[in-house]
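Trainee: This is a predicted model, with the sequence first.
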Amino acid sequence: MGRPPRPIEQKKLLGNPGKRAIPEAGELVALGHGRREPLRPLTFSGRQLWDSVFDHGELWISPTLDVHLLQMTCEQLDRRDALLSLIIDAPNDRTLNMNLNDLEKAIMVNLSKLGFTPSDRSRLGFTLAKTKSKLEELQKKMAE
């Protein structure tokens, strides 16, 4: 499978160690910005994800390019809620439980594609400040 591609900004900061051609700023597709309404009506969970994306994922989610995948993922979350309500009435129904498991896997794949898992955010170059590891804490205590 190999390593995921390094973001262009990171390659530029490193001085392009692979010496491959890096696109200039004018050659890159500019991501749109701003809030957008869903393409089709959503219920509670789908609308909650939609709002969350435009509140917190706006750095890398394009409202013009990624909106169809986002809409599909939001609709999957709405279907998940409907399946959960059916499972409450029939908890031992194997088909419902299998459908729920398959749907949850599909949701996770789409969330990864949208960059909403920690590993995918780091692949995209969006990382949070690293907290001190246990080893660093122990070394600090030893130094004191």
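Mentor: Everything's here; your move. Numbering: from 1, shown residues only.
Trainee: and the gap between Gly115 and Leu96?
Mentor: Distance of Gly115 to Leu96, given as CB to CB, to the nearest Å: 30 Å. For glycine as for every other residue, the C-beta is placed from the backbone atoms N, C-alpha and C.
Trainee: which stretches of the chain aren't confidently modelled?
Mentor: 1-14, 16-17, 22-34, 57-59, 122-134 (pLDDT under 70).
Trainee: Which residue ranges of it form helices?
Mentor: For the chain, applying DSSP state H gives helices covering 8-14, 44-56, 67-89, 94-113, 118-124, 134-143.
Trainee: Show me which residues of stretch 73-89 are buried.
Mentor: By 16 or more other CB atoms under 10 Å, the buried positions in stretch 73-89 come out as Thr73, Cys74, Glu75, Gln76, Leu77, Asp78, Arg79, Arg80, Leu83.
Trainee: OK, contacts around the first one?
Mentor: In this case it means Thr73. For Thr73, the contacting residues are Leu49, Ile107, Asn110, Leu111, Leu114, by CB atoms under 8 Å, 6 or more residues apart in numbering.
Trainee: does the fourth one really touch Thr117, like I thought?
Mentor: Yes: in terms of CB atoms under 8 Å, Leu111 counts as a neighbour of Thr117; the distance is 6.2 Å.
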